[in-house]
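1. 3D, please:
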Amino acid sequence: MAEDRQEQFSGTKQVAENHRFDEAALYDYLVAHIDGFAGPMQVEEFKGGQSNPTYKLVTPDRSYVLRRKPPGLLLKSAHAVDREYKVITALNKTNVPVPQTFCLCEDESIIGTIFYVMEFVAGRVIWEPLVPGVTVEERRQIFDSQVAFMADLHMVDYKAIGLEDFGKPGNYFARQISRWTKQYQASETEEIVEMNRLIDWLPGNIPDDDSVSLVHGDFRLDNAVLHPTEPRIVAVLDWELATLGHPLGDFTYHLMQWRNPDSALGVTPEAELKAMGIPTEAEYAAAYCARTGRDEITNLDYYFAYNFFRLAGILQGIRGRVRDGTAASEQAIEMSSRVRPLAEAAWLYAQKAGAVA
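-> Below you'll find the predicted structure:
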């Protein structure tokens, strides 16, 4: 199964018919806007990813990556590749591992939508959270590299790198609940009672902790590039959901892999995880707290309810794009079928946190 998933999502493919564009127009633009860019240029499409079509641009001297908004009808504020470009560019000034950026094109006449270009970072993208094919010690270090990334990101002085206006500090959970409620309702394809209950309950029960940091919004191992041979992250990708937010919202979204029945981390017994070099949920949370100066993370049931709800809202958006014909990959239909189970899981955690039907 791991090999199937790794094969399904890894590498590139021929550009899909609905994602093609005028390659000559792109080439002319890049020659004019990127120092040293020279052809011939070959365009391939990455297999992985559900949201923004992503392409590998291969030239004789080096390879580049292009991220664009998908063509077609889109939800307002979705697919914000300009925000991705801004945050990655700013983080190049820090110790957070991100690719180098080269240009942002907001002229839709070039390839039909706005896009940006960054470096292609060579390495390994692992699509299985249990990280098959490495030693126990390497696996331990890869998990340590993940928690180090989250802690380093949340400790960044976002004002010092020009991201003071990258979001509204404070009231993060209230704004996120509102955002994903609107996305869910705009993309709704069937009534899910648990989602409606969560929409009513979550806003009035937000924990009293209004910390602010830069957040990634969707960090998983498959959104990172590992060094080709060493057990460490060399670049983190997919910053579409990044904003100024709450560090615990961001971290517990990452932590919910240990609770998610759709994740191998969530269904593997603790003893087996430890034998593989993978920390338990409690050990991983403690490592994050040690790196960020927190004593502990309280209100976990609320955070898990919120994050399962949020993920359901994200996947409902993908389901809506399947309906509208704008989803960016063949796996989108399969992913969108998870909305109801995620909503049901979110409501169970809400009930643990005190919600009643």
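2. so what's the most centrally placed residue in the chain up against?
-> Nearest to the mean C-alpha position of the chain, counting by Cα atoms, centre = their mean, stands residue 218 at 2.8 Å. Counting by Cβ atoms under 8 Å, 6 or more residues apart in numbering, residue 218 touches 238, 240-241, 253, 314. All C-beta spots, glycine's among them, are computed from the backbone N, C-alpha and C.
3. PyMOL command for the buried members of those?
-> Typed into PyMOL, the line below selects the buried ones among the contacts of residue 218, using 16 or more other Cβ atoms under 10 Å:
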select buried, resi 238+240+241+253+314
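4. out of the contacts of residue 218, list just those in helices.
-> Judged by DSSP state H, helices contain the following of these: 253, 314.
5. looking at the contacts of residue 218, which is nearest residue 110?
-> residue 240 (20.4 Å; Cβ to Cβ).
6. find the nearest non-adjacent residue to the closest one, please.
-> Closest residue in space to residue 240, ignoring its immediate chain neighbours: residue 84 at 5.5 Å, by Cβ to Cβ, 6 or more residues apart in numbering.
7. helix or strand for the one you found, which one?
-> helix 81-91 (DSSP states H and E).
8. try residue 322
-> In the assignment (DSSP H and E), residue 322 maps to helix 300-324.
9. what ranges do the helices span in the stretch 1-150 of the chain?
-> Residue ranges of the helices in the stretch 1-150 of the chain, as given by DSSP state H, counting those that start in this stretch, are 2-9, 23-33, 81-91, 136-154.
10. report the distance from the third one to the chain centre.
-> This points to helix 81-91. Centroid separation for helix 81-91 versus its chain: 14 Å, with Cα atoms, centre = their mean, to the nearest Å.
11. next, the buried residues of that helix.
-> Quick answer for helix 81-91 (16+ other Cβ under 10 Å): 81, 83-91.
12. could I get those residues in JSON lines, plus columns for pLDDT?
-> Listed next are the buried residues of helix 81-91 as JSON lines, based on pLDDT from 0 to 100:
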{"residue": "81", "pLDDT": "91"}
{"residue": "83", "pLDDT": "94"}
{"residue": "84", "pLDDT": "95"}
{"residue": "85", "pLDDT": "97"}
{"residue": "86", "pLDDT": "97"}
{"residue": "87", "pLDDT": "98"}
{"residue": "88", "pLDDT": "98"}
{"residue": "89", "pLDDT": "98"}
{"residue": "90", "pLDDT": "98"}
{"residue": "91", "pLDDT": "98"}
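13. just the residues you listed now: which is nearest residue 320?
-> Closest approach between the buried residues of helix 81-91 and residue 320, by Cβ to Cβ: residue 81, at 19.1 Å.
14. relative to residue 180, how far out is the closest one?
-> Applying Cβ to Cβ, to the nearest Å, the value for residue 81 to residue 180 is 20 Å.
15. before we move on, what about residue 220?
-> Distance, residue 220 to residue 180, by Cβ to Cβ: 18 Å.
16. give me the more crowded residue out of the two.
-> For residue 220 and residue 180, the more surrounded residue by other Cβ atoms under 10 Å is residue 180, and the numbers stand at 23 against 16.
17. isn't that one right up against residue 308?
-> No. Residue 180 is beyond contact range of residue 308, at 11.1 Å (criterion: Cβ atoms under 8 Å).
18. residue ranges with poor pLDDT in this structure?
-> 1-9, 48-51, 72-79, 324-336 (pLDDT under 70).
19. do that again at 50, thanks
-> 1-3, 74-75 (pLDDT under 50).
20. now do the strands in the protein.
-> All strands of the chain, identified by DSSP state E, fall at 12-13, 42-46, 54-58, 63-68, 101-105, 115-119, 213-215, 224-226, 233-236, 243-245.
21. export those strands to TSV and tack on mean neighbour count and distance to residue 193?
-> As requested, these are exported to TSV (neighbours: other Cβ atoms under 10 Å; distance: least, Cβ to Cβ, whole Å):
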stretch	mean neighbour count	distance to residue 193
strand 12-13	12	39
strand 42-46	17	37
strand 54-58	20	36
strand 63-68	22	37
strand 101-105	19	42
strand 115-119	22	40
strand 213-215	25	30
strand 224-226	22	36
strand 233-236	20	36
strand 243-245	22	28
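22. closest one to residue 129 among those strands?
-> Here strand 224-226 is closest among those (Cβ to Cβ), at 11.5 Å.
23. what lies in contact with the closest one?
-> 121-126, 142, 145-146, 149, 232-237.
24. just the buried residues of those.
-> 121, 123-126, 142, 145-146, 149, 232-237.
25. of these, closest to residue 212?
-> Ranked by distance to residue 212 (Cβ to Cβ), the buried ones among the contacts of strand 224-226 are led by residue 149 at 18.7 Å.
26. that closest one against residue 235, yeah?
-> No. Residue 149 lies out of contact with residue 235 (Cβ under 8 Å); the separation is 10.1 Å.
27. ok, back up a step: just the buried residues of the helix holding residue 322, please?
-> Buried, per 16+ other Cβ under 10 Å, within helix 300-324: 300-322.
28. for residue 18, which non-adjacent residue is spatially closest?
-> Per Cβ to Cβ, 6+ apart, closest to residue 18 is residue 71, 6.9 Å.
29. enumerate every residue touching that neighbour.
-> 18-19, 112-113, 326.
30. what about it, distance to residue 113?
-> 6 Å.
31. burial count for residue 267?
-> Applying other Cβ under 10 Å, we find 9 residues neighbouring residue 267.
32. now tell me what touches stretch 227-240 from outside.
-> 49, 51-52, 79-81, 83-84, 87-88, 96-99, 121-124, 134, 137-139, 141-142, 145-146, 149, 216-219, 223-226.
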